[in-house]
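In: give me coordinates for this.
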Amino acid sequence: MHRAYLVALVMALAGCALGPNFKRPAAPTAIDYGSSAKAVGATARPETVSDAQRYIAGMDVPDQWWRVFGSQEINGLVARALAGNPNIKAAQAALRQAHELYLAQRTSFFPNVQGSFAADRSEFPVNTLTSPTVASSSTYTLYTAQLSLSYAPDIFGATRRQVEIAQAQAESARFQLEASYVTLSTNVVVAAIQEASLRGQIATTERLLQMEHQLTGLAQQQRRLGTASDLDVLSQLALEAQTAQMLPPLQKQLGQTRDALIALLGKLPSDDLPENVQLNQLTLPADLPLSVPSKLVEQRPDVRQAEENLHAATAAVGVAITDLLPQFAITADVGSSALTLGKLFTPYTGFWDAGASLTQTLFDAGALIHKKHAADAALDQAAALYRAAVILACQNVADTLRAIEADADAQKASGEALRAAEKTFDLAQKQRALGTINLVALLNAEQSYGTAALSDIQARANRYADTAALFQALGGGWWNRTQETR
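Out: Predicted structure coming up:
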């Protein structure tokens, strides 16, 4: 009767795995991203009707979201980066490694069988020991061929927990790869937009410098005619020099941005980059996706990676518990031993053995208990990191929504300022030619126009860049990506 109970207990334990079972954390219950962030279904305030953007609740994020900007140059840059960036290749290799380790761990469910062959040349002391063989000589060679089997029954679920850890780690590596895709594509798009912005600022500054050079010549001519003073000429020369001073920093930023873009493509700075993105060739997408926080945690690869790390830490607690319990093992050997190779596997040369063992740690100065406590602490850490990843994801979306809202207002204001400054400058040039205003008034109008032109370019670039950041913050559409589009 007691033996039947024991068998029933072992069978019951074999059907379960000790330790806590992983449960996906509850999704956030929030329905938006804060009172100062745009709500689902709202519309970002536009500069013009054509620049209006609206948020579509539940709109899916396309896998190649960068195509919404309508730039073949950006499409080509992203494709080349995804194909050539070494960090992507490293993440792909890490995923392959994690998957192979998971497959290797799964083999723990099966017995391990090894084959061996040994040839030993020996001599025994004839005056001390009895001959261990039937040979008449004290020197002999013994040939042994055998198969050895070892198997650790998964009584308490330790093997299942180890496999669970390996599988979670493989999933974590997969989401790390997806995060690398999203981050790289966003960095390429933002760098291309920044390059286009800098090109626009340089072109605008060069046009301003050309106009100021003409005005300098006009001021010098008027000075010779006596209609302008030395102060007027010096003021114009100073303004021209100040504008010229703006060019080197912009050119430096352009060169560094282009170097960064080339590096994202997996190339060296000496390699050519034929694509030149122009800001006025980009299309601002009218419809923007917006997901509620409960959906966001499904879409963000960093959150999903943190979830898999939490899964692995949960299973590790089960492994630490099983280490405290008896360890079972089954072993068996079968083979043949002979004094010559030709007699192997002949009658009376065979041997076999089979056995089972149970091992229980009786004293280890508390090492296993401390390891169990360490596993509990690691689980708490993974849970906290998961919570931090969720908070960061929601913060990224909220920050981006606020940025897009501010960008729309800034572009509207900069556009109005630019139009007003351009009209003022045109009028000032005409009045100066008629002699109704002095050169100082013309210089002030000129400076205001240059400042407004540069501000407008930056405002438009910020709006494009923050739109790209929204697609990244929402997860980048990795769930729609196929192997062919990677």
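In: residue ranges for the helices of the stretch 251-400 of the chain, please.
Out: In the stretch 251-400 of the chain, the segments counted as helices under DSSP state H, counting those that start in this stretch are 293-299, 301-323, 367-434.
In: out of these, deepest packed?
Out: helix 301-323 (a mean of 23; mean count of other C-beta atoms under 10 Å). In this view, the C-beta of every residue, glycine as well, is placed from N, C-alpha and C.
In: okay, the angle between it and helix 367-434?
Out: 170 degrees (axes from the mean of the first three to the mean of the last three C-alpha atoms, to 10 degrees).
In: other SSEs contacting helix 301-323?
Out: Where contact means 3 or more C-beta pairs under 8 Å, 6 or more residues apart in numbering; DSSP states H and E, helix 301-323 is packed against helix 158-225, helix 293-299, helix 367-434.
In: and the ones you listed: which comes nearest residue 60?
Out: helix 293-299 (9.6 Å; C-beta to C-beta).
In: quick one: that closest one to chain centroid distance?
Out: 17 Å (C-alpha atoms, centre = their mean, to the nearest Å).
In: and stretch 377-385, by the same measure?
Out: 21 Å.
In: now swap in stretch 108-123 and tell me
Out: 46 Å.
In: re the thing from before, how about the helices and strands packed on helix 301-323 in CSV, adding mean pLDDT and distance to residue 261?
Out: Output for the helices and strands packed on helix 301-323, formatted as CSV (pLDDT from 0 to 100; distance: least, C-beta to C-beta, whole Å):
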stretch, mean pLDDT, distance to residue 261
helix 158-225, 91, 4
helix 293-299, 95, 27
helix 367-434, 92, 22
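In: make TSV from the ones you listed and add distance to residue 272 to it.
Out: Converted to TSV, the helices and strands packed on helix 301-323 look like this (distance: least, C-beta to C-beta, whole Å):
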stretch	distance to residue 272
helix 158-225	15
helix 293-299	37
helix 367-434	33
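In: follow-up on the earlier one: closest to residue 230 out of the helices of the stretch 251-400 of the chain?
Out: Nearest to residue 230, of those and by C-beta to C-beta, is helix 367-434 at 17.6 Å.
In: could you point out the helix or strand that follows that closest one?
Out: Using DSSP states H and E, the helix or strand that follows helix 367-434 in sequence is helix 439-473.
In: closest one to residue 113 among the helices and strands packed on helix 301-323?
Out: helix 158-225 (17.1 Å).
In: re the thing from before, and the helices of the stretch 251-400 of the chain: which comes nearest residue 199?
Out: Here helix 367-434 is closest among the helices of the stretch 251-400 of the chain (C-beta to C-beta), at 17.8 Å.
In: what segments of the stretch 1-150 of the chain are helices?
Out: Using DSSP H, counting those that start in this stretch, helices in the stretch 1-150 of the chain cover 2-14, 72-84, 86-106.
In: can you list contacts of the last one?
Out: Translated: helix 86-106. Outside helix 86-106, the residues within contact range by C-beta atoms under 8 Å, 6 or more residues apart in numbering are 81-82, 162-163, 165-167, 169-170, 172-174, 176-177, 180-181, 184, 266.
In: buried residues in that helix?
Out: Neighbour-count burial for helix 86-106 flags 88, 91, 94, 95, 98, 99, 101, 102, 105 (criterion: 16 or more other C-beta atoms under 10 Å).
In: again with the second one
Out: By neighbour count, and taking 16+ other C-beta under 10 Å as the criterion, the buried residues in helix 72-84 are 73, 74, 75, 77, 78, 79, 80, 81, 82.
In: now do the contacts for the last one.
Out: With contacts defined as C-beta under 8 Å, 6+ apart, the neighbours of residue 82 are 88, 181, 184, 185, 486.
In: for this structure, give me the ranges with low pLDDT.
Out: Along the chain, segments meeting pLDDT under 70 span 1-15, 35-50, 126-135, 440, 483-486.
In: what's around the closest residue to residue 292 other than its chain neighbours, how many residues?
Out: Nearest non-adjacent residue to residue 292, counting by C-beta to C-beta, 6 or more residues apart in numbering: residue 31, 5.9 Å away. For residue 31, the neighbour count with other C-beta atoms under 10 Å is 10.
In: let me see the backbone angles for residue 31.
Out: In terms of degrees, to the nearest 10, the main-chain angles of residue 31 are phi -110, psi -10.
In: ok, so what distance separates it from residue 295?
Out: 11 Å (C-beta to C-beta, to the nearest Å).
In: if we can go back for a sec, reformat the buried residues of helix 86-106 as CSV; add distance to residue 303.
Out: Below are the buried residues of helix 86-106 laid out as CSV (distance: C-beta to C-beta, whole Å):
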residue, distance to residue 303
88, 20
91, 17
94, 19
95, 18
98, 19
99, 21
101, 23
102, 21
105, 25
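In: and of those residues, the nearest to residue 422?
Out: residue 88 (45.0 Å).
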